[in-house]
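In: fold the following and give me the result.
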Amino acid sequence: MRYLTIALTKGRLAYRTLDLLEQVGITCDEMKDKNSRKLIFANDELGVRFFLAKANDVPTYVEYGAADIGICGKDTILEEGRKLYEVIDLGFGRCRMCVCGPQAAKELLKHHQLIRVATKYPNIAKDYFYNKKHQTVEIIKLNGSIELAPLVGLSEVIVDIVETGSTLRENGLTVLEEICDLSARVIVNQVSMKRENQRVTRLIRDLKTSLQEERL
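Out: Numbering: from 1, shown residues only. Below is the predicted model:
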C-alpha cells in the first residue's frame, strides 16, 4: 500500500492539527517528541506519513505531489497561488488580512491616491488593490516588523495579518480596510484527489464530521 503523505505547517498549527487527526483515528506518536530531529514521521500500520514544513512551502509540496494533503493558513494559500484543491476550513487560527495605517491614511484610500504599501504578502496586496479596489499602488515587500514601515515614512499603509490588533494600537495604527478572513485550511493535491480517491475522501469526510461534532 502506498503511503498517504500529509504536510503540516511547523509550530502551533501542527500540534493543533495532530490533535484533530487523533480524533479521527490517525496517530503518529513519534511526532510528539519535540526534541526529535527526524524530518519524516510514519505510522506504518495506517500507511500514513507526515512531515513538517514552513508555511509557505506546504502548498508547493502539495501542488507537486510530494504531499497528498497539506494543512496551512488561508493567507499562505492566497499568497502562493498554487494549483490545488482547498477542501476544509478547520476553523482554528482565525485572524484577518487587513490594510492598516494611521487614521489619516483613510482619506488616501478613499480617494484612490497613489500610495506605497508595505507587506509580507505582495500577491494578496496586489490582487486587493489592483483587482478589487482598482487603485494603483507601489508595493514594497518586507520580511520583518511591517508596522514599522508607516512609522518611518517607508509607506503610507501596510497589508498584514491582524489577530488582536494590540501591536497596531501600541504603535498608533488602526485597521483601515478588511481584505478577508483567515484560518487553517486543508488542501489536497489534484492528482491525489482522483488517484487516492477513497482514502482522501474518507479522511476529508471524517475530519468534517469531527469538526461538526466539536461545534455542536
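In: going forward, measure contacts and count neighbours with C-alpha atoms only.
Out: OK.
In: how is this protein divided into domains?
Out: Dividing the chain into domains by automatic domain parsing, as the record does, gives the ranges 4-93+183-215, 95-181.
In: just the endpoints, please. Distance across the longest one?
Out: Which is domain 4-93+183-215. Distances were taken as Cα to Cα, to the nearest Å; on that basis the terminal residues of domain 4-93+183-215 are 27 Å apart.
In: chain center to it: distance?
Out: Shown here is domain 4-93+183-215, whose average C-alpha point lies 12 Å from the average C-alpha point of the whole chain (Cα atoms, centre = their mean, to the nearest Å).
In: now the last one
Out: Here domain 95-181 is found 18 Å from its chain centre; the criterion is Cα atoms, centre = their mean.
In: same list, the domains of the chain, but as TSV with mean pLDDT please.
Out: What follows is the domains of the chain, written out as TSV (pLDDT from 0 to 100):
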stretch	mean pLDDT
domain 4-93+183-215	91
domain 95-181	96
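In: what ranges do the helices span in this structure?
Out: Along the chain, the stretches classed as helices by DSSP state H are 12-23, 58-63, 74-80, 105-110, 122-126, 148-151, 166-170, 190-195, 197-215.
In: so for Phe41, which of the ones you listed sits nearest?
Out: Between Phe41 and the helices of the chain, the shortest gap by Cα to Cα is with helix 12-23, which sits at 12.2 Å.
In: identify the residues contacting that closest one?
Out: With Cα atoms under 8 Å, 6 or more residues apart in numbering as the test, helix 12-23 has contacts from 8, 27, 52, 71-72, 93, 184, 207, 210.
In: before we move on, what about stretch 170-178?
Out: By Cα under 8 Å, 6+ apart, stretch 170-178 touches 96-103, 106, 147, 165, 168.
In: go on, stretch 77-86?
Out: Residues from elsewhere that reach stretch 77-86, judged by Cα under 8 Å, 6+ apart: 56, 59-60, 62-63, 121-124, 185-190.
In: so which residue is smack in the middle of the chain?
Out: When Cα atoms, centre = their mean is applied to the chain, the residue found nearest the centroid is Gly73 (1.7 Å).
In: can you give me the end-to-end distance of stretch 169-189?
Out: The first and last residues of stretch 169-189 sit 40 Å apart, counting by Cα to Cα.
In: buried ones among the contacts of stretch 77-86?
Out: Under a neighbour-count criterion of 16 or more other Cα atoms under 10 Å, the subset of the contacts of stretch 77-86 counted as buried comprises 56, 59-60, 62-63, 121-122, 124, 185-190.
In: tell me the one of those residues nearest Ile139?
Out: Comparing the buried ones among the contacts of stretch 77-86 against Ile139 with Cα to Cα picks out Pro122 as the nearest, at 6.6 Å.
In: just checking, the closest one touches Leu142?
Out: No. When contacts are counted by Cα atoms under 8 Å, Pro122 is not listed as touching Leu142 (9.0 Å).
In: if we can go back for a sec, which one among the buried ones among the contacts of stretch 77-86 gets closest to His111?
Out: Ranked by distance to His111 (Cα to Cα), the buried ones among the contacts of stretch 77-86 are led by Ile124 at 20.8 Å.
In: how close does the nearest residue to that closest one once chain neighbours are set aside get to Lys120?
Out: For Ile124, the nearest residue in space outside its immediate sequence neighbours is Glu79; the separation is 5.6 Å by Cα to Cα, 6 or more residues apart in numbering. Going from Glu79 to Lys120 by Cα to Cα gives 9 Å.
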